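Peer 1: next come a sequence and a model predicted from it.
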Amino acid sequence: QVQLVESGGGLVQAGGSLRLSCAASGRLFSSYAMGWFRQAPGKEREFVAGISWTDGMTYYADSVKGRFTISRDNGKKTVYLQMNSLKPEDTAVYYCAAGPRSTVFVGTPSSWGQGTQVIVSP
C-alpha cells in the first residue's frame with residue numbers, strides 16, 4: 001500500500017496560481033500512475049490530471065487543459081500539480097491518488113491522500 005500526503009492548498013484570487021505537492025511512501029511499481037482528483041461541495045469526485053510513473057505520459061480533464069500541469073520527481077517520489085489561471089469553479093478539495101494505471105484513470109486507485117482544500121475567490 002502506498003501512503004500519500006498532499007500539501008500546498010490554500011486561498012487564492014481568480015487568475016492566480018497554486019502548486020500542490022503529493023509525497024508518496026511505499027513502493028511505486030512501474031505499472032503505476034499517480035493522479036489528482038477533486039471534489040467540490042455537492043458534487044462527485046472527478047479526475048483532474050494523471051501521470052504515468054515510468055514514462056511520464058500525462059492526461060488531463062478538458063476543464064483544466066492548458067491551465068494545469070502535472071509533473072513528477074521520481075527520486076523524491078513526489079507528484080506536483082501546478083495550477084494557473086485559477087477560476088472560482090476550481091474550488092474543491094484536491095486528492096492525490098496512486099495505483100495501477102488502469103485504476104487511476106478510471107477513478108478507482110488503490111491509494112488516496114487525505115485531501116487539501118483549494119479555494120478560489122472571485
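Peer 2: That came through fine. Bear in mind that the values here come from a model prediction, so they are computed numbers and not experimental data.
Peer 1: which residue packs closest to the residue sitting nearest the centre point of the chain, ignoring adjacent ones?
Peer 2: Per C-alpha atoms, centre = their mean, the C-alpha nearest to the average position across the chain is that of Trp36, at 2.1 Å. Spatial nearest neighbour of Trp36, chain neighbours left out: Val48 (4.4 Å); criterion: C-beta to C-beta, 6 or more residues apart in numbering. Every C-beta, even on glycine, is put in place using the N, C-alpha and C of the backbone.
Peer 1: the one you found: neighbour count?
Peer 2: 24 (other C-beta atoms under 10 Å).
Peer 1: what residues sit buried inside the lowest-mean-pLDDT helix or strand in the chain?
Peer 2: The weakest-scoring helix or strand in the chain, judged by mean pLDDT, DSSP states H and E, is helix 101-104 (a mean of 89). Neighbour counts over helix 101-104 (16 or more other C-beta atoms under 10 Å) mark 101, 103-104 as buried.
Peer 1: kind regards, and thank you for your time.
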